[in-house]
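> Below is the sequence, then the predicted model.
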Amino acid sequence: MDWGNVTTEDLVDALREVDWSAPPRPISEFFARFTFPRSHSKWSSRLKCNLYYYRTNYFILILFVLAVGFLLKPLAIVSAILTGLSISLLNDSFAVTFNEKVTRSVRHFSPHLAAKLRPPIAPVIRGRPSRKRAIHICGQPRWVFVLISSAASCILWFTSCNLLTVLWALVIGLLATILHASFRVPNLKARLNTFREEFRSVWRNYSEL
C-alpha cells in the first residue's frame, strides 16, 4: 500500500472503522529504529503508516501523559475519562463492543432490562435491510450517548478549572505521538499488517454484496 496516496480523510475513516481492541505493539518494537525522513513525501507516508499501525500505543501514550498531569486532580481524571469515552465511541468497533459489554453486564441481574437495551431491528425488504443499520448504545442512537458524556465532561472541566492542565498534557501527548510517528521507521510487520487489513476490508465489502 502506498501511504503517500492516502489522504487525511481516508486515514481518519480507517481509524474510525478499524478494530481498536487489538493489544498494543511490544515496547521493543515500538522503540526499535528511528531515522530522519529523507523527503516530505517519505515523512507523510511514514506518519500515516505509523499512526495507523501503532494507534493503540499512541492512545495509551496520550492517556498516560494525561494521567500524569491529573495525578493530584481526581475530578479532572473523571473529566478526562468521560472525554476519552466520548471520542472512543465515535469509533464503530469500539461503540459496538462497548454496547455488547454493557448489555451483557445488565443481563446478569435484569434480563428484562437488557432486552430493552437491544437496538431496534431494521426492516428487511427483499432479503436485505432497507437501510444501513445505525449503531445504538443502551437502546439509544450513538449520538445521544456521545452528547450526554460530552456534556458531563464539559461541566466537570469547568467545575474543576483544569482546562489549562489538560491542554498542556494533550499538547505534550500529541507532540510525542507526532515525533514518534515521524521518526519511527515502518517495519515489514507494519506493511504486512496493512495488507491484511486491506484484504479484510475488501472481503467484508464483497460479502455484503
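Received it, and whenever you're ready, just let me know what you need. Numbers count the residues shown, from 1 in each chain.
> Listing request: residues of the protein with sub-threshold pLDDT.
1-6, 19-21, 72, 114, 117, 119-133, 160-163, 187-209 (pLDDT under 70).
> separation between Phe36 and Thr103?
Using CB to CB, to the nearest Å, we find Phe36 at a distance of 49 Å from Thr103. C-betas here are computed from N, CA, C, even on glycine.
> between the two, which one's more packed in?
More crowded of Phe36 and Thr103, by other CB atoms under 10 Å: Thr103, with 19 against 8.
> Am I right that the more buried one is in a helix?
Yes - under DSSP: H, G, I helix; E, B strand; the rest coil, Thr103 falls within a helix.
> Is it in contact with Leu113, as I believe?
No - look at Thr103 against Leu113 with CB atoms under 8 Å: they stay out of range, at 9.4 Å.
> And the helices in this protein, which stretches?
Taking DSSP state H to define them, one finds helices in the chain at 8-17, 27-30, 40-53, 55-69, 74-88, 92-109, 111-116, 142-160, 163-183, 188-207.
> Next, count neighbours for Ala32.
Around Ala32 there are 12 other residues, counting by other CB under 10 Å.
> from now on call the first residue 624
Yep, numbering from 624; the last one is Ala655 now.
> what's the distance between it and Arg669?
14 Å.
> Need the residues touching each of those two.
Arg807, Val808 (CB atoms under 8 Å, 6 or more residues apart in numbering).
> Send over stretch 634-643 as CSV, restricted to the C-alpha atoms.
Output of stretch 634-643 as CSV, limited to C-alpha atoms (Å, rounded to 0.1, in the frame of the first residue of the first chain):
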residue,chain,number,x,y,z
LEU,A,634,-6.8,7.8,7.4
VAL,A,635,-9.5,9.2,9.7
ASP,A,636,-12.1,6.9,8.2
ALA,A,637,-9.8,3.9,8.6
LEU,A,638,-9.1,4.8,12.2
ARG,A,639,-12.8,5.2,12.8
GLU,A,640,-13.7,1.8,11.4
VAL,A,641,-10.8,-0.3,12.4
ASP,A,642,-10.8,-2.6,15.5
TRP,A,643,-9.2,-0.8,18.4
